[in-house]
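A.B. asks: Sequence isn't available, so here's the structure alone:
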Ligand SMILES: [Zn+2]
């Protein structure tokens, strides 16, 4: 099978500068915010802090995105759950 790839009709407005460099920022691990700064306390009453770790749909942001370490991610989730109990955090935000 011949794989033919013809690139023409380039619409990108002149110049074919489509260099797909497969660069991935691997190896640079984000440091856990709470490990980096011990002055920050994870408090379930601190909605302003917790909201950074839930999505706009009210779900907990996964660790790989938030960059937290396991220990602190756990504390976050505990805190968020407590906050939910006292109705400071949504369980789930349904669209509309
Ligand atoms: Zn940590």
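C.D. replies: Right, received. Where do you want to start? The structure presented is a predicted model; accordingly, all values stated were derived computationally and were not measured. Numbers count the residues shown, from 1 in each chain.

A.B. asks: what bits of this structure have low per-residue confidence?
C.D. replies: Applying pLDDT under 70 to the chain flags residues 1-4, 6-19, 22-30, 96.

A.B. asks: what about the longest helix in it?
C.D. replies: helix 70-85 (DSSP state H).

A.B. asks: Residues of the protein that sit close to the ion?
C.D. replies: By CB under 5 Å from the ion, the part of the chain that sits against the ion consists of 32, 34, 35, 69, 72. Yep, even glycine has a C-beta here, placed from its N, CA and C like the rest.

A.B. asks: how much space between the fourth one and residue 38?
C.D. replies: This means residue 69. Separation of residue 69 from residue 38 (CB to CB, to the nearest Å): 13 Å.

A.B. asks: For the longest helix of the chain, name the packing helices and strands.
C.D. replies: helix 33-36, helix 47-50, helix 63-66 (3 or more CB pairs under 8 Å, 6 or more residues apart in numbering; DSSP states H and E).

A.B. asks: any chance of the ones you listed in TSV, plus mean neighbour count?
C.D. replies: Output for the helices and strands packed on helix 70-85, formatted as TSV (neighbours: other CB atoms under 10 Å):
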stretch	mean neighbour count
helix 33-36	15
helix 47-50	16
helix 63-66	14
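
A.B. asks: Dump those into a markdown table; add distance to residue 20 as well.
C.D. replies: Shown next, in a markdown table, are those (distance: least, CB to CB, whole Å):
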| stretch | distance to residue 20 |
| --- | --- |
| helix 33-36 | 33 |
| helix 47-50 | 39 |
| helix 63-66 | 24 |
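
A.B. asks: Kindly provide the distance from residue 83 to residue 45.
C.D. replies: According to CB to CB, residue 83 stands 7 Å off from residue 45.
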